[in-house]
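**Q** Fold the following.
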Amino acid sequence: MKKKFALPIITAICIFFAACSSKETASSIAQKWCDLNGKVFKAEEGSAKDLARTAQKDFEKKMEEKYKDDEAFMKEVEKEVEKCEDASEGK
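**A** Below you'll find the model as predicted:
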């Protein structure tokens, strides 16, 4: 009988730890921004470029709203963005 309860409990614990480990870091946010920046840079003029720019701006707004009270974290994100920005533009 105990074995029937063990599997669901172990599964729930694994799911919980997987969800907790997906926390955003300054470098992961910066990498996402740089990926979007690269798409803006590489997109053809017109609707493709507009869509890429909109996606980037939406991401920026979402992150600024989410971390607006954590100034130190936002500064760390800025530092990380500086590291990958030129590469995202092919420089």
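
**Q** May I have the phi/psi pair for residue 24?
**A** Phi and psi for residue 24, reported as degrees, to the nearest 10, are phi -70, psi 140.

**Q** what about it, neighbour count?
**A** By the criterion of other CB atoms under 10 Å, residue 24 has 13 neighbours. To be clear about C-beta, it is placed using only N, CA and C from the backbone, and glycine gets the same treatment.

**Q** measure it to residue 70 for me?
**A** The spacing between residue 24 and residue 70, counted by CB to CB, to the nearest Å, is 11 Å.

**Q** Repeat that for residue 64.
**A** 11 Å.

**Q** for residue 61, same thing?
**A** Remark: distance between residue 61 and residue 70 (CB to CB) = 16 Å.

**Q** Same check on residue 40?
**A** Residue 40 is 26 Å from residue 70, where distance means CB to CB.

**Q** ok, and the helix or strand in the protein with the lowest average confidence?
**A** For the chain, counting by mean pLDDT, DSSP states H and E, helix 2-20 ranks last in confidence among helices and strands (a mean of 55).

**Q** Next secondary structure element downstream of that helix?
**A** helix 26-42 (DSSP states H and E).

**Q** Give me the mean pLDDT for the helix or strand just after that next one.
**A** Sequence order places helix 47-66 as the next helix or strand after helix 26-42, per DSSP H and E. Mean pLDDT, helix 47-66: 93.

**Q** Many thanks, I have nothing further to ask.
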